[in-house]
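1. Everything below, folded, please.
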Amino acid sequence: MHPHPTRPAAVAATLALAAALTVAPAASAAPAAPAPTASATASGVVINEAYLSGGSRNAVYTHKFVELLNTSGAPVSLEGWSLQYRSASGTAATHSSVELSGTIDPGETFLVAGGSNGTTGAALPGPDLTTSFNPGGTNGTVVLAETTEPLTLPTGSVVGVEDVADLLGYGGSNTFETQTAAAPSSNSDPRSFNRTDGVDTDDNRADFTLSAEITPTPSGGTGGPGTTPEPEPEPAQEVSIAEIQGTGAASPLSGERVSTRGVVTAAFPTGGIDGFFLQTPGTGSDDGDAASHGVFVYAPDAVPGVVVGDHVEVTGTATEYYGMTQVDATEGQVSALDEPAEAVKPLTAAWPATDAERERYEGMLWQPEGQWTVADNYSLNRYGEIGLAFGESALVPGEARLPQPTDAAPAGSDLASAIEAENAQRSVTLDDGATVNFTGGSRNQDIPLPYLSPGTPVRVGAAATFTSPVVLDYRYDLWRFQPQTQVTGENPGDAPASFADTRTTAPAEVGGDVRIASFNVLNYFTTTGREFVEELGGSCSWHTDRDGEPVGTNRCNPDGPRGAADEEDLERQEAKIVAAINGLGADVVSLEEIENSAAFGQDRDEALATLTAALNEGAGTPVWDFVPSPADLPADEDVIRTAFIFKPAAVKPIDESVILDDPAFSNARQPLAQAFQKVGGNSKTRFLTIVNHFKSKGSAPDDGSANDDAGDGQGAWNAARVAQAEALVAFAEEMTQERNTEKVFLTGDFNAYTQEDPMRVFHAAGYTNLGAAADGEKEHTYLYGGLVGSLDHILASPAAAGQVTGHTVWDINADEPIALEYSRYNYNATDFYAPDPYRASDHDPAIVGVDLPKK
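-> Got it, this is the predicted structure:
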């Protein structure tokens, strides 16, 4: 092939030839090179050459550059575009970005000058644009973006992604087109990435070759006259880390070149953080200074060469990265120092309640003391994060977790606002020293999750004990404790904390001679996604495991199933539900989110009968039966429904069940009522149970109506749930007359926390909330957004409440990590699945005991 400088002419000729081929006979076609194609957009602009070791030893040019090429037949404006860079192991947003401007004419190149690693080499020949773009030289991902917003890209092959005009992944990068391009062996290996004749096949390895002929070619477009790169920066000012940090939220030296010394307290050469923490020797302990003595150093190329305890000098630029003060040493230097340094002493201060107080310690080594409790584990499965709460609430006495404000106080009240503020004061995130998305492609999913193993559950409410220091960090809008090195399941000994095992093998005793429970079975569908697609002609998208195999349905149309992908997944789901329900010790169980089999052309009770049979098989004897559907059914029902199962040895159904078909439930599941009577007892032992599943809080109508999210913590559709509560109270009153009993239990998933408006309708009607967060109890059934509360309730009428002997919540679901769920089977290299009750659902079951009259 011809050397690089001839490419614009070659591309122009190729474009002309491609146009001629639309009218010329096939036999006349003998192109010198294939017609170029655009990779992700129709713009036709691609990365043509990338030289990323400017200024390093042996460098040909002092500055790095990225040369763009317009392979289209029309001018392309670069206004609103950017060049972005993400490190080789990064999984979050791109680390750096520079805005582009100018226009590239058809077949022309456009030269973007970037940063420098030193002074070696010649000046670039008149760049069209001079920037600070400074990607790593041997590993990373360069993105040509049709936006100036930082992009968060998936890992693996990235082709056809919105706003990505072109992408070059090289070396050991986790993000690329088809496969990574071969990279120089080091920054002193003076070769560039060269695209051959503008051809883009969406394969970085095939499209780019390494060339020792570095040929930066500016354009003849309107990007402005070529300018020489900015001169080498002024010598860095020698300052302390405290001077870099300053006493405010941002560094007073932001944008200035600085040089500082310190001891490395944490280092992250892998996992995407790409840097290390540095602290002034001898500082720490009970530090009372106004400025922090620790700082993060962003140094992707240098961090592999430092370890915790090293004494180093860092030269770079002080910057603010999304609210975190750091020294960007990508254009600077990290040098080991021979002289000894006094050891850093970890802080032991109490957790600060305000951001201003925390700023004093940003980047410093910390040994957390006092009471710490796991408040949130939802992101553990994805980002290796654990939400922690410090101490106990002063507003909800005895609560060590973070309560949903409207579970403890009326929506909009001063107390609810105070609880919200207190939650923020008590919160911090324990991170894993990485930015890895453990669900972001098979490469990441092959990394064992940190902190969690089959034998060490990390449950909400568990005490956390810090066994080694951490560093106080601020990134992604959260205060974080970072370990001193990246933690994964492969090095659990490096984890800085341990967690108490709070699991129980059975629910607390509730007494009584009849026990009533409510259980949300997490979309138990015996019609699998595969069956819906292959036998019923529907279509499904899937949640897939690390091998790309479906494990659960994402969305099935039209009105398809919402559960397991195939029979093996259903067996795993069913095994956990069976273990949980058989472990309740209940005689009557109301069920929510079970398949309405009539929606799939079967008997309405098919799924219910299947689950009942599985429960009996699990129990080893036929102890369960189900309440059959009534003859009178609504004309329009959801694909999920409510149901009852019961133990015939303890109770018997009285008369047929009744479904409330009321307009208030047009957007929810209709309530189902069933009267039961104690076996061997008379009508005095009769009670009525009504199972419910109210409208959820999501998908606000955004129409200005009373069902919009009012921002008071109650979510969307609050007015609908209030109407449903009012209709249910009236229905229960009617049913007490028809079934000849005043003892009424309202059960199920009300999608309302304890002190929200719908629940206050029941309180006003005289019902007592038994099952969750009532009477000062700290029970809860659900975790959302790191806050605990109860959406699932058992409410008793005055006549029923007088005979209740106890109530409890068996916390087997909401407190458990989602990694244990059947729908996350084989999501990670560690196998977390077990056919036990833990994480059988996302809602905890509530249970009450009732002492019924003997006769």
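2. how about the strands in the stretch 501-650 of the chain?
-> 514-524, 539-544, 550-557, 588-595, 625-626, 640-646 (DSSP state E, counting those that start in this stretch).
3. Spell out, range by range, the helices that occur in the chain.
-> Secondary structure of the chain (DSSP state H): helices located at 7-20, 204-207, 241-245, 355-359, 380-383, 405-408, 414-426, 442-445, 529-534, 567-582, 606-619, 718-739, 757-764, 798-801.
4. right, so those: which one is the most enclosed?
-> helix 405-408 (a mean of 25; mean count of other C-beta atoms under 10 Å). (C-beta placed from N, C-alpha, C; glycine too.)
5. what does it contact?
-> 395-396, 411, 415-417, 419-420, 423, 712-714, 753-756, 773, 780, 787-790 (C-beta atoms under 8 Å, 6 or more residues apart in numbering).
6. let's see it at 10 Å
-> Outside helix 405-408, the residues that touch it by C-beta atoms under 10 Å, 6 or more residues apart in numbering are 393, 395-396, 399, 411-413, 415-423, 712-715, 752-757, 759, 772-773, 776, 780-782, 787-791.
7. Are any of those residues buried, and if so which?
-> Among those, those classed as buried by 16 or more other C-beta atoms under 10 Å are 393, 395-396, 399, 411, 413, 416, 419-420, 422-423, 712-715, 752-757, 759, 772-773, 780-782, 787-791.
8. which residues of this structure score low on pLDDT?
-> 1-42, 220-234, 286-287, 771-778, 855 (pLDDT under 70).
9. Mind doing that once more with 80?
-> The chain contains residues with pLDDT under 80 at 1-42, 89, 118, 186-188, 220-234, 285-288, 771-778, 854-855.
10. Verify the contact between Pro758 and Asp749 for me.
-> No. Pro758 is beyond contact range of Asp749, at 11.8 Å (criterion: C-beta atoms under 10 Å).
11. Residues that sit against both of the two, list them.
-> Contacts common to Pro758 and Asp749, judged by C-beta under 10 Å, 6+ apart, are Phe694.
12. How many residues are close by the nearest residue to Asp355 once chain neighbours are set aside?
-> Nearest-residue entry for Asp355: Ala249, 7.5 Å, with adjacent residues in sequence omitted and distances by C-beta to C-beta, 6 or more residues apart in numbering. Applying other C-beta atoms under 10 Å, we find 13 residues neighbouring Ala249.
13. Distance check, Ser468 against Ala497.
-> Between Ser468 and Ala497 the computed distance is 8 Å (C-beta to C-beta, to the nearest Å).
14. Repeat that for Pro397.
-> Going from Pro397 to Ala497 by C-beta to C-beta gives 26 Å.
15. Next: Asp328.
-> 30 Å.
16. just Arg839 next, same as before
-> Note on Arg839: its distance to Ala497, by C-beta to C-beta, is 21 Å.
17. which of those two has more neighbours?
-> Neighbours were counted for Arg839 and for Ala497 using other C-beta under 10 Å; Arg839 has more, 26 against 22.
18. Confirm for me that that one is in contact with Asp811.
-> No. Using C-beta under 10 Å as the test, Arg839 is too far from Asp811 to be in contact (11.1 Å).
19. list the contacts for Ala302?
-> So Ala302 contacts 269, 274-276, 312, 314, 316, 329-330, 332-335 (C-beta under 10 Å, 6+ apart).
20. Quick one: those as a markdown table, columns for distance to Ala575 and neighbour count too.
-> Listed next are the contacts of Ala302 as a markdown table, based on distance: C-beta to C-beta, whole Å; neighbours: other C-beta atoms under 10 Å:
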| residue | distance to Ala575 | neighbour count |
| --- | --- | --- |
| Pro269 | 42 | 19 |
| Asp274 | 42 | 26 |
| Gly275 | 45 | 25 |
| Phe276 | 46 | 30 |
| Val312 | 54 | 22 |
| Val314 | 54 | 26 |
| Gly316 | 55 | 23 |
| Ala329 | 53 | 22 |
| Thr330 | 51 | 22 |
| Gly332 | 56 | 22 |
| Gln333 | 58 | 16 |
| Val334 | 53 | 23 |
| Ser335 | 58 | 12 |
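21. which of those residues lies closest to Pro216?
-> Using C-beta to C-beta, Thr330 comes nearest to Pro216 of the contacts of Ala302, at 20.5 Å.
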